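# Provide a 3D model corresponding to the input given below.
(one chain, ligands or ions: 1)
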Amino acid sequence: MCVVMPQSSDMAQGMDHALPPAPPCAGLRIGDLAPDFEARSTIGPVRLSAYRGRWLVLFSHPADFTPVCTTEFVALAREAAAFAARDCALMALSVDSLFSHFAWLRMIRDRFGVEVRFPILEDPTLVIARAFGMVSPQDSNSAAVRTTFFIDPQGVIRAMNCYPANLGRSVPEMLRILGALQAIDARGTLAPANWQPGEPMLKAPSHDLDEVYGAADMTGWFLSHSEGED
Ligand code: BEZ
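Residues are numbered from 1 along each chain as shown. Okay, the predicted model is just below:
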């Protein structure tokens, strides 16, 4: 059984069938509290709010036993320790039944030699997928895109992305986003383009006119590296 507590008025509006179809990934915004839910999963019942205090990557996949999804789960299972080292749990979700998930995981283990130990939730009614904007409110099937939510220890959505069914996610990029968000929080800095853990970050720009005029060069007041590394 799933219990979803929507947080945003957008979602309530989205249930009105008179509205034009909302594109996937349109349900929630960065800064929203992730809606809570309870669901059956491959590791037993899970409740999203039980993950408070840790980082969480919640992601949907279109279907079990499909080629791109299989490569994603193999890649994620192989990097599970890297997420754990960042105190981040992984949680997957699709419309497929719990028994489909079990059969797929057994096949992945036997064929690729890797055990997926993070939970895969079943969402047969799409109630969770709809609450998170993983499918359009009007969709009656699960031809869902691949959405990924990066949820901080307070339960707040800090980043999200959305890929089509025929394009697999990059696990190194998922780890980079997680590492960047954690470094930003720890140091009050900004992550520049192509930032990788261990590289310098940027200082927040000055709001002070004296610092603008006093900077050594024309960009120093708004574009400069912070001291130290992640
Ligand atoms: C895949 O994972 O390969 C896939 C899933 C749904 C539609 C197309 C491809």
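
# only C-alpha atoms from now on, for both contacts and neighbour counts.
Fine.

# quick one: P119 from T147, how far?
16 Å (C-alpha to C-alpha, to the nearest Å).

# which residues does R146 bridge with?
As for beta bridges, R146 partners with Y163 under DSSP bridges.

# per-residue pLDDT, it?
Looking at R146, its pLDDT stands at 91.

# show me the contacts for it.
By C-alpha atoms under 8 Å, 6 or more residues apart in numbering, the contact set of R146 is F59, S60, H61, P62, M134, C162, Y163, P164, A165, R169.

# so between P119 and T147, which is more surrounded?
Taking other C-alpha atoms under 10 Å, P119 and T147 do not tie; T147 has more neighbours (25 against 20).

# going through the contacts of R146, which ones are buried?
Buried members of these, scored by 16 or more other C-alpha atoms under 10 Å, are F59, S60, H61, P62, M134, C162, Y163, A165, R169.

# three-state assignment of the fifth one?
Under DSSP: H, G, I helix; E, B strand; the rest coil, M134 falls in the coil class.

# ok, it to the ligand distance?
For M134, the distance to the ligand (C-alpha to the nearest ligand atom, to the nearest Å) stands at 14 Å.

# that residue contacts T147, correct?
Yes - contact criterion C-alpha atoms under 8 Å: M134 and T147 qualify, at 6.1 Å.

# part of a helix, is G168?
No - judged by three-state DSSP, G168 forms no part of a helix; its state is coil.

# what's near enough to touch it?
Applying C-alpha under 8 Å, 6+ apart to G168 gives the contacts V68, C69, T71, E72.

# which ones among these are found in helices?
Using DSSP state H, V68, C69, T71, E72 are the members of the contacts of G168 that sit in helices.

# from A165, how far off is the nearest residue to the second one once chain neighbours are set aside?
Looking back up the chat, that one is C69. Distances taken as C-alpha to C-alpha, 6 or more residues apart in numbering place H61 nearest to C69, at 6.5 Å, with adjacent residues excluded. H61 sits 8 Å away from A165, going by C-alpha to C-alpha.

# which other helices and strands contact the helix with the most length in the chain?
Taking DSSP H as the criterion, the chain has its longest helix at helix 171-187. Helix 171-187 sits against helix 67-78, with contacts defined as 3 or more C-alpha pairs under 8 Å, 6 or more residues apart in numbering; DSSP states H and E.

# quick check: angle from the helix it packs on to helix 171-187?
Interaxial angle of helix 67-78 relative to helix 171-187 (axes from the mean of the first three to the mean of the last three C-alpha atoms, to 10 degrees): 50 degrees.

# rewinding a little: okay, who's weakest in the contacts of R146 by pLDDT?
Lowest-confidence member of the contacts of R146: M134, scoring 88 (pLDDT).

# so that one versus N194, what's the distance?
Separation of M134 from N194 (C-alpha to C-alpha): 27 Å.

# R106 now?
Using C-alpha to C-alpha, R106 is found at 37 Å from N194.

# what about these two, which has more around it?
Legend: neighbour count by other C-alpha under 10 Å for R106 and N194, higher for R106 (16 against 8).

# next, L58: phi, psi?
Per-residue torsions, L58: phi -100, psi 130 (degrees, to the nearest 10).

# ok, now which ones touch it?
For L58, the contacting residues are L90, M91, A92, L93, T148, F149, F150, I151, by C-alpha under 8 Å, 6+ apart.

# so the residue nearest the centre of the chain, which of the three states?
For the chain, F149 is the residue whose C-alpha lies nearest the centre (C-alpha atoms, centre = their mean; 2.1 Å). Under three-state DSSP, the three-state class of F149 is strand.
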